[in-house]
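>>> When you get a sec, could you give me coordinates for this:
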Amino acid sequence: MFFICCPLFESLWIMIQNDGRRQEDSDAWLWHHELFVKIPIQAILTDISFYTIHYTLHQFSLLYQHIHKVHHRFVAPTAMTCVYAHPLEFAFGNIFPIFFGPMLTNAHPFTCWALWFPLATLGTCIGHCGYRIFGHYEDPHDKHHSNVQCNYGGMCISDYIFGTLKVGNASN
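A predicted model of the protein is given here:
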């Protein structure tokens, strides 16, 4: 599926940036602009797009029953279950959100492949691992698998804005 999605979204990226503005490997990597401007914007765009798609999959029973329920077979997920999904959800709910930000910010290829994609993958794995990371921090999305009416986003920004964020123990 990965080998279908990446070329598909790469083609979409080329169509969006078809005027020759797209960053290439040979372009200078302006690290300060990439790290302090583009990556924060990419993070926000990823959270918004992932939240929107994920929330939509939960709100429409047809989509939930036939597409998203595959992912929710795991009530206590592991890091590997983050990619266990229906092919449509994998393409448009998992891969598209991490391509969306770099597409819109015209990120340098080094930023995408060496920083953004690995960080986004790590964040997704942490959100499904079931462990407390960095001391007492437990990713709120992990709680989503036991209470499907909260914590739809990946970084809690959209959940906070739309009132779907639940933190704390399972009794909250």
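>>> Run through the protein and note the low-pLDDT ranges.
Along the chain, the parts satisfying pLDDT under 70 run over 1-2, 16-20, 130-139, 169-172.
>>> Would you state the helices of it in chain order?
2-16, 31-33, 39-59, 61-66, 87-89, 96-105, 109-110, 117-126, 140-144, 157-162 (DSSP state H).
>>> Tell me the buried residues in the third one?
In terms of neighbour count (16 or more other C-beta atoms under 10 Å), helix 39-59 has its buried residues at 39, 42-43, 45-55, 57-58. (C-beta placed from N, C-alpha, C; glycine too.)
>>> how about the closest residue to E34 other than its chain neighbours, what does it touch?
In this structure, E34 finds its nearest non-sequential neighbour in T111, 4.4 Å apart by C-beta to C-beta, 6 or more residues apart in numbering. Residues near T111 by C-beta atoms under 8 Å, 6 or more residues apart in numbering: 29, 34-35, 38-39, 102.
>>> from those, which is closest to W13?
The closest of these to W13 turns out to be P102 (C-beta to C-beta; 7.6 Å).
>>> Spatially nearest residue to that closest one (excluding sequence neighbours)?
Counting by C-beta to C-beta, 6+ apart, the residue nearest P102 is C112, at 5.0 Å.
>>> Look at that neighbour and say how many residues are nearby.
By the criterion of other C-beta atoms under 10 Å, C112 has 23 neighbours.
>>> what about it, distance to L57?
From C112 across to L57, the span is 26 Å (C-beta to C-beta, to the nearest Å).
>>> got the contact list for the nearest residue to H68 once chain neighbours are set aside?
Computed as C-beta to C-beta, 6+ apart, the closest residue to H68 that is not its neighbour in sequence is L57, at 3.8 Å. Neighbouring residues of L57 by C-beta under 8 Å, 6+ apart: 63-64, 67-68, 89, 93.
>>> Can I get these in TSV including distance to L8 and neighbour count?
What follows is these, written out as TSV (distance: C-beta to C-beta, whole Å; neighbours: other C-beta atoms under 10 Å):
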residue	distance to L8	neighbour count
L63	20	17
Y64	24	16
I67	18	19
H68	20	21
E89	15	20
G93	14	21
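>>> closest to H144 among those residues?
Nearest to H144 among the contacts of L57 is H68, at 11.4 Å by C-beta to C-beta.
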